[in-house]
Every structure is written in C-alpha cells, then in structure tokens.
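J.: got a predicted structure plus its sequence, pasted below:
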Amino acid sequence: MRRIALRIAYDGTGHAGWQTQVNGCGIQDRVQAAVAAIAQHPVDVVCAGRTDAGVHALGQITHFDTYAQRPLQAWVRGVNACLAQGNKGAGAIVVREAVEVDPAFHARFSAVARGYYYLIHQSPVEHPLWRGRAAWTHRRLDARSMREAGGMLIGSHDFSAFRSAQCQARSPCRRIDQLDLLALDALIVVQVRANAFLHHMVRNIVGALVAIGAGLHPPAQMRAWLVSRDRSSSPATFAAEGLYFAGALYPQQDRPASWAACSGLSPLQELLPGLTPPLA
C-alpha cells in the first residue's frame, strides 16, 4: 500500500465546498472519483482543511492510499484529465503536484498550521470581473485601523466570538501566528495563519475588520468582541468568495525532500498575477 499526497488548487465557484455531499457535488467527491479512475479502485481522499461553498484553494493538501503502481505524473495528468471531463460548469479543480509520502503522514493531523488569504475589492459599484474572486464593499476602508485591530487577535485566545453556530470543534481556543493586511489600491488582502481554524472563523474576523475599516467601530472594539466570547455581539460573516485556502505547514520530518512546493503556504504572488480585473 502506498500513500500519495496531492497539492490541489480549485475555484470554489459553483461548488458545495470540499466535504463530500449526498448528491456527489462536493469537491472531495469529484477528486475521489478522478483518483479512483486512475487507481482502478475506490479511494478516500483526506484534506488538510475543509473549505465551505464558494471558497477557493491555492494549495489544498490531500492524501490517499492505493495499491496501484502508477508513476507520479499519472496522479497529476491522469487525474486532471478525469477532472476536466467531469466539470459541469463549476469552477476548475486541478492537481498541481503529487508525491509519495510516508504512511504515517496525514494531510490533516500532521499539519501544525494552516493559512488563508482574503481579498476585498473596494469600489462604489461592484466590478463584474471581481465577482466570485473577491468580496466587494462599496465603502473605502481604513487599512491602518484594520491592521491595528487585527494585531489584537495575534496569540492564543478563545475565538467563540468568531465561531459559527454550526462549528463542531471541541474547543473554541486557537492560536493565530500571523494576521497581516496588504493594501493594493482598491484591493485589500488579509493574510492569516493559525494552528487551526474554527468554522467561519476567517470570514467572521474579516467581517469585524471591515466594520472597523469602514469607521463603524474603533480598532479597540476588536478586543471587546474577542473577550466577550459572544458571536451575536460581533459583525456579520463576510462573503465566502473572497477566501482562499493557502495551504498547510508540516514538521520538517513529515515533508518529502522533493516536495518543495508544498513545504509551506502558497505565496501571495501565486494568486495575484491571475487576478486580471483592474484594481481601481
């Protein structure tokens, strides 16, 4: 039995999210079907971080076990050919890289951190070419205030105030190691890395940052929301379409030497060149 890890990118538009669905419309369903077609037996594909409907991925890390003896390129080109055939109008799913890993490697449980990017486009009128690729706000946001507020979330905290009611995590405590904000003309990029995330945690944090950036609350309100541990007191969840799963971080001993592209989070430069709509 071999364990194969894949780095997958996908456009979440039109998909029901990563998790397998009863009607087979989850991204996991499509990936499993494509991998099984190449392996010639059923497989169970496990991911590093489950994404919601409409959320994208630059470097989703997955693994599966197989008896099949295939060259690694078969798990890239062959699986991609099957994915292309199965596309029914939803966003594309592409395997970027495949590598054989130690049987002890686990895409989810071996990860020590995960990262996301969130894109916000500021414009009085929504630009149609940003739809599905970035969240939109008609307000001009104060990036400095948002950056100050985001800094208050660094460290280990109870993030109940930014946790969805449907979250099934046993504990609301998480550790945010990085929360940066980059302003590029009318585009704002939020970069966040944590040991793990609660359901809707990033989107809820972005909703709070946008409320502060719009001048509806001072930056200090972020700390008040955090310590309240009350989801009902903090701003609404922001759109799924601006969220990108950047990847996962693994201990050095769990990373194959050949897996250079998967040794960390996908760089922001991998995302921005593909975003061709104007920034104004």
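T.: On my side now, so go ahead. Numbering: from 1, shown residues only.

J.: the residue nearest the centre of the chain pairs with what?
T.: Nearest to the mean C-alpha position of the chain, counting by CA atoms, centre = their mean, stands residue 245 at 1.8 Å. Taking DSSP bridges as the rule, residue 245 bridges to residue 57, residue 116.

J.: can we start the residue count at 404 from this point?
T.: That works, and once the first residue is 404, the last one we named lands at residue 648.

J.: surely it touches residue 460?
T.: Yes. Contact between residue 648 and residue 460 holds when scored by CB atoms under 8 Å: they sit 4.2 Å apart. Yep, even glycine has a C-beta here, placed from its N, CA and C like the rest.

J.: what backbone torsions are found at the closest residue to residue 544 other than its chain neighbours?
T.: Spatial nearest neighbour of residue 544, excluding adjacent residues (CB to CB, 6 or more residues apart in numbering): residue 616 at 3.3 Å. For residue 616, the backbone dihedrals (degrees, to the nearest 10) come out as phi -60, psi -30.

J.: also residue 564?
T.: Per-residue torsions, residue 564: phi -70, psi -10 (degrees, to the nearest 10).

J.: isn't it up against residue 634?
T.: Yes. At 5.7 Å, residue 564 counts as touching residue 634 under the criterion of CB under 8 Å.

J.: what about the strands in the chain?
T.: Assigned by DSSP state E, the chain shows strands spanning 405-413, 449-450, 459-469, 496-504, 516-525, 538-540, 558-561, 576-587, 590-597, 646-652.

J.: so for the longest one, what's the average pLDDT?
T.: Strand 576-587 shows an average pLDDT of 94 in the prediction.

J.: that one: which residues count as buried?
T.: The neighbour-count check on strand 576-587 (16 or more other CB atoms under 10 Å) flags 577, 579, 582, 584, 586 as buried.

J.: and if you look at the first one?
T.: Neighbour-count burial for strand 405-413, counted by 16+ other CB under 10 Å, picks out 406-413.

J.: parallel or antiparallel, which strands does it pair with?
T.: Applying DSSP bridges, strand 405-413 is found paired with strand 459-469 (antiparallel), strand 496-504 (antiparallel).

J.: on that earlier part again, which residues are common contacts for residue 648 and residue 460?
T.: Counting by CB atoms under 8 Å, 6 or more residues apart in numbering, the residues touching both residue 648 and residue 460 are residue 454.

J.: circling back: OK, contacts around the residue nearest to the centre of the chain?
T.: For residue 648, the contacting residues are 452, 454, 458-463, 517-519, by CB under 8 Å, 6+ apart.

J.: so residue 576 touches residue 563, yeah?
T.: No. In this structure, residue 576 is not within contact of residue 563 by CB under 8 Å, at 9.0 Å.

J.: quick one: contacts of stretch 587-595?
T.: The contact list for stretch 587-595 (CB under 8 Å, 6+ apart) reads 518-526, 537, 544, 546, 549, 553, 579, 581-586, 605, 608-609, 612, 616, 649, 671, 675, 678, 682-683.

J.: whoops, I mixed them up, stretch 606-618
T.: Applying CB under 8 Å, 6+ apart, the contact partners of stretch 606-618 are 521, 523, 538, 540, 542, 544-546, 548-549, 552-553, 556, 564-567, 582, 584, 591, 593, 595, 620-622, 624-625, 628, 634, 637-643, 645-646.

J.: can you give me the helices for the stretch 404-553 of the chain?
T.: Per DSSP state H, counting those that start in this stretch, the stretch 404-553 of the chain carries helices over the ranges 430-442, 480-488, 546-554.
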